[in-house]
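Novice: Provided below for reference: sequence and predicted model.
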Amino acid sequence: MEGHKTHMGWGQEAYDAECAAIARALHVAAARNHTLGTVTIFTDAQAAIWRMSFDDPRPGQKYALEARKHIAALRAKEPNVRIEIRCCPSHQGIEGNEVADAWAKLAADGGSRP
């Protein structure tokens, strides 16, 4: 597994990090040079998934706008790309989810990547 560590600024909460992670995943997908067909992003943050569906001024707006920009870039390169943001259960032994949770806890404690 590979990760990306960044400072999000002061006053950010876990919700902001979840929204930022979705926007970042879409950015990575849009930057690929090959045909994708389908982009599927899994998260255990239902509120962040819901937030990506509108861009009005509320918490997470910055990341929703960023996500929409990356979706537009994906569709410009590949008009028929299928983009899915899906919820997966947290703490249920799902490898990627467990690794992401461990990184988030480590980052919250001020550590570095495991």
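Specialist: Now that the structure is in, tell me what you want to look at. Numbers count the residues shown, from 1 in each chain.
Novice: which helix or strand contains the residue nearest the centre of the chain?
Specialist: Geometric centre of the chain, nearest residue: Ile22, 1.6 Å, by Cα atoms, centre = their mean. Ile22 is part of helix 14-31, with elements assigned from DSSP states H and E.
Novice: residues of that helix that come out buried?
Specialist: 16-27, 29-30 (16 or more other Cβ atoms under 10 Å). Just so you know, the C-beta spots here come from the backbone N, C-alpha and C atoms, and that holds for glycine as well.
Novice: give me the distance between the residue nearest to Lys77 when sequence neighbours are not counted and Ala72.
Specialist: Excluding the flanking residues, the one nearest Lys77 by Cβ to Cβ, 6 or more residues apart in numbering is Ala30, at 7.3 Å. Noted for Ala30: a distance of 9 Å to Ala72, by Cβ to Cβ, to the nearest Å.
Novice: any idea how far Asp55 is from Ala76?
Specialist: 18 Å.
Novice: repeat for Ser90
Specialist: Taken as Cβ to Cβ, the span from Ser90 to Asp55 is 26 Å.
Novice: over to Ala14?
Specialist: Relative to Asp55, and taking Cβ to Cβ, Ala14 is found at 21 Å.
Novice: repeat that for Ala29.
Specialist: With Cβ to Cβ as the criterion, Ala29 and Asp55 are 19 Å apart.
Novice: Ala25 reaches Phe42, doesn't it?
Specialist: No. Using Cβ atoms under 8 Å, Ala25 makes no contact with Phe42, being 9.1 Å away.
Novice: now the helices for the chain?
Specialist: Listed in chain order, the helices of the chain (DSSP state H) span residues 14-31, 46-51, 61-77, 95-108.
Novice: any buried residues in the third one, and which?
Specialist: By that I understand helix 61-77. For helix 61-77, by 16+ other Cβ under 10 Å, it's Tyr63, Ala64, Glu66, Ala67, Arg68, His70, Ile71, Leu74.
Novice: could you dump those to JSON lines with distance to Arg82 and pLDDT?
Specialist: Shown next, in JSON lines, are the buried residues of helix 61-77 (distance: Cβ to Cβ, whole Å; pLDDT from 0 to 100):
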{"residue": "Tyr63", "distance to Arg82": "21", "pLDDT": "90"}
{"residue": "Ala64", "distance to Arg82": "20", "pLDDT": "92"}
{"residue": "Glu66", "distance to Arg82": "20", "pLDDT": "93"}
{"residue": "Ala67", "distance to Arg82": "16", "pLDDT": "94"}
{"residue": "Arg68", "distance to Arg82": "16", "pLDDT": "94"}
{"residue": "His70", "distance to Arg82": "15", "pLDDT": "95"}
{"residue": "Ile71", "distance to Arg82": "11", "pLDDT": "94"}
{"residue": "Leu74", "distance to Arg82": "10", "pLDDT": "94"}
